[in-house]
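can't give you the sequence, but here's the structure:
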């Protein structure tokens, strides 16, 4: 019985206290952590704030591995470390960024590999592969579970490929300078390396999924990646002109936290690049050869003006000989595994800014809701009651206002009804795909921190939403009394994907000539084509078949044989001014959050606020719907029954504002150098703006259709 009571006690402890308490449950149960009330929480925040200010006055840095640096980061990021929807609780960044991921344990003396990422620059949107640079060859490593990295479709489209770096590491084994290889850099490669240095390209690597950092506790900064080289002027080098230098020696500092036994957790991955001109042995360096300037037990290799390695051909030769080397130091730090991502988010925007963006968008929605409530409750109810009373009393007074066009309001669009139907259906498909992607992110089915996963999810869900596009297109096309349903279905399946893929393939040609890592291979393009032909197109046909087999959409009024004359419209209902006015509010509802999204895309910042993004998407749809209702009502009051295309462009014009915003972002936030980076940026932003326009226009048409059916269904007409 005693054994059973112990087992029962262990089970209860494991359920309520977790595994740590369960181990001691047979003896005594550890007391639960006291829950603080609001007053106690405020006092704790004030105490931590006073400690933060005191440490800052003392010159304590926030990027180091000390206990005080961890304390300062924890206070600085306290708002980012809140988890939950309504009742937010404090949590670690690791649990927020990588939910469900367990830390990797490493044994002393075990081989561990770092992996290369793209070589990127904020001054250009043309990344390169690490092994395209003149350097050491790619090593062959064991393909076990820890070293296996599979590329998804999104990663392939972005040119991301995780490859092992040529640096060999042993856990807890520090060593001094170790020569790696000798490389000959020819004239063309030297010119290219000069250009990479001028455009501030940085090399990125990862170890245990941690991006490499250059951090300085004296300067209190930490930045991801390290530069290819640097350019120094005569005032620093005492030379006659500016000179380019290459970083060929890397000092790796790996921070760890000890675990029970001999195991460790990796909590930091830093690098200090050094430009050092090694003495090349006679006959060249070969594996195992000794280099006099690079001895594992020798003195430190550091940056010194006298030993810088200039990026220029050797004297009397057309090539440059370089010996690459590295050294490794393992340091025990105070940072725990759960807090190792804190330093990467220092200096990022606070969550309160995202909250203000949501509040700003909600104010726009509330303003429009008030306007619509006025229209629906006061104006429309009064109009409908008056019209119905006049109809029952058979009053001969001449009708005015929106009731005059009841015989023409449901007249199908006479201009390009097929194109109109396809655009509305495609917009519905885009909205469905983005909504499902955000829901999957909220439910933790996908992680935005995993490179390429979000883009893969958008592509796959867009393909799987093909039936939505086919159904919506078919319903509207059938309402327009059109017969060429096969042509409309094919255009729905091939329209937007065909345009985007054609633009992408044209851009891909230029990227291939530039040897960019973002140039997509033929097999990846073939995979996208297979998704389109084998999955998306059949689903579009299925949705179209269901839509055409359904009954025609019923409307409350009959359409006259001859269309009514449209009088001169007021200025606010006349295109293109109505389009310009209509797109302001939908764009304004997302412009603040849009800044963070574009910073994440083009400035390589971390963005993981999928909850905010879902809220902004819903607010955007609500704003488009309400703008379309107001604009449609004003148009009908002006006796203009041609609302179909106007309701689309009233909201679709928000995409034009998005593209103009991207031009402002290009001129003020990006310092792009060269023609190709600007072309890449404008091409991608043009594609995004096009999709944004189609989605907003589709919401506007569907809402206006519902609105007209509602108000004319409440009238008594002959």
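In hand now; what should we look at? This is a predicted model, so every value here is computed, not measured.

neighbours of residue 607, how many?
19 (other CB atoms under 10 Å). Just so you know, the C-beta spots here come from the backbone N, C-alpha and C atoms, and that holds for glycine as well.

does it count as helix, strand or coil?
Three-state call for residue 607 (DSSP: H, G, I helix; E, B strand; the rest coil): coil.

show me the contacts for it.
448, 596, 597, 599, 600 (CB atoms under 8 Å, 6 or more residues apart in numbering).

between those, which is closest to residue 613?
Of all those, residue 613 sits closest to residue 597, with 7.6 Å by CB to CB.

for that closest one, give its distance to residue 605.
Separation of residue 597 from residue 605 (CB to CB, to the nearest Å) stands at 10 Å.

again, but for residue 670
13 Å.

then residue 261?
Residue 261 is 38 Å from residue 605, by CB to CB.

between those two, which one's more packed in?
The residue with more neighbours, out of residue 261 and residue 605, is residue 605; 17 against 9, by other CB under 10 Å.

so for residue 444, what's the pLDDT?
As predicted, residue 444 sits at a pLDDT of 79.

phi and psi next, for it.
The phi and psi torsions at residue 444 (degrees, to the nearest 10) take the values phi 70, psi 20.

for the nearest residue to it once chain neighbours are set aside, which three-state class applies?
Distance criterion CB to CB, 6 or more residues apart in numbering; nearest residue to residue 444, sequence neighbours excluded, is residue 99 at 5.1 Å. Judged by three-state DSSP, the three-state class of residue 99 is coil.

where does the prediction get shaky in this protein?
1-36, 83-90, 100, 144-148, 298-299, 347-352, 354, 375-376, 378-401, 715-718 (pLDDT under 70).

longest helix of it?
The longest helix of the chain (DSSP state H) is helix 675-713.

please report the distance of residue 591 from residue 669.
Distance check for residue 591 against residue 669: by CB to CB, it reads 14 Å.

which one's more surrounded, the two?
Per other CB under 10 Å, whichever of residue 591 and residue 669 has more neighbours is residue 591, with 16 against 13.

doesn't residue 662 make contact with the more buried one?
No - taking contacts as CB atoms under 8 Å, residue 591 lies outside contact range of residue 662: 11.5 Å.

how about the helices of the stretch 201-350 of the chain, start to end?
234-237 (DSSP state H, counting those that start in this stretch).

cool, the stretch 451-600 of the chain as well?
453-464, 466-479, 485-513, 522-531, 537-549, 577-582, 584-588, 591-602.

looking at the ones you listed, which one is packed in the most?
helix 466-479 (a mean of 26; mean count of other CB atoms under 10 Å).

what is it packed up against?
helix 417-442, helix 485-513, helix 537-549 (3 or more CB pairs under 8 Å, 6 or more residues apart in numbering; DSSP states H and E).

could you dump those helices into JSON lines and include distance to residue 123?
Putting the helices and strands packed on helix 466-479 into JSON lines (distance: least, CB to CB, whole Å) gives the following:
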{"stretch": "helix 417-442", "distance to residue 123": "31"}
{"stretch": "helix 485-513", "distance to residue 123": "17"}
{"stretch": "helix 537-549", "distance to residue 123": "41"}
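
so for residue 456, which of these sits nearest?
Closest to residue 456 of these, according to CB to CB: helix 417-442, at 9.9 Å.

of all the contacts of residue 607, which two lie farthest apart?
Using CB to CB, the pair of the contacts of residue 607 lying farthest apart is 448 and 599, separated by 14.1 Å.

how long is stretch 169-187 from one end to the other?
End-to-end distance for stretch 169-187, by CA to CA, to the nearest Å: 33 Å.

in that stretch, what counts as buried?
For stretch 169-187, the neighbour count (16 or more other CB atoms under 10 Å) marks 169, 171, 172, 176, 177, 178, 179, 180, 182, 183, 185 as buried.

surely the residue nearest to residue 444 is in contact with residue 443?
No - applying CB under 8 Å as the test, residue 99 and residue 443 come out as separate, 10.5 Å apart.

neighbour-wise, which of those two wins?
Using other CB under 10 Å, the more surrounded residue of residue 99 and residue 443 is residue 99, with 12 against 9.

and the gap between the more buried one and residue 450?
11 Å.

for residue 533, grab the count of nearby residues.
The tally of other residues near residue 533 (other CB under 10 Å) stands at 12.

please report how far it lies from residue 527.
In terms of CB to CB, residue 533 sits 11 Å off from residue 527.

got it, and residue 624?
Distance from residue 624 to residue 527, by CB to CB: 33 Å.

same deal with residue 212?
From residue 212 to residue 527 the distance is 31 Å (CB to CB).

and residue 44, which of the helices and strands packed on helix 466-479 is closest to it?
That would be helix 417-442 among these, by CB to CB, at 29.9 Å.

tell me what the closest one is packed against?
helix 453-464, helix 466-479, helix 485-513, helix 610-637, helix 644-652, helix 675-713.

include distance to residue 287 when you put these into JSON lines, please.
Formatted as JSON lines, the helices and strands packed on helix 417-442 follow (distance: least, CB to CB, whole Å):
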{"stretch": "helix 453-464", "distance to residue 287": "39"}
{"stretch": "helix 466-479", "distance to residue 287": "55"}
{"stretch": "helix 485-513", "distance to residue 287": "34"}
{"stretch": "helix 610-637", "distance to residue 287": "48"}
{"stretch": "helix 644-652", "distance to residue 287": "62"}
{"stretch": "helix 675-713", "distance to residue 287": "38"}
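
and these: which comes nearest residue 583?
The nearest among the helices and strands packed on helix 417-442, by CB to CB, is helix 644-652 at 6.7 Å.

got the contact list for the closest one?
412-413, 415, 420, 423-424, 575, 578-579, 582-583, 586, 624, 627-628, 631-632, 635, 640, 693-694, 696-701, 703-705.

put the buried members of the residues you listed into a PyMOL selection.
Only the buried members of the contacts of helix 644-652 enter the following PyMOL selection, criterion being 16+ other CB under 10 Å:
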select buried, resi 412+413+420+423+424+578+579+582+583+586+624+627+628+631+632+635+640+693+694+696+697+698+699+700+701+703+704+705
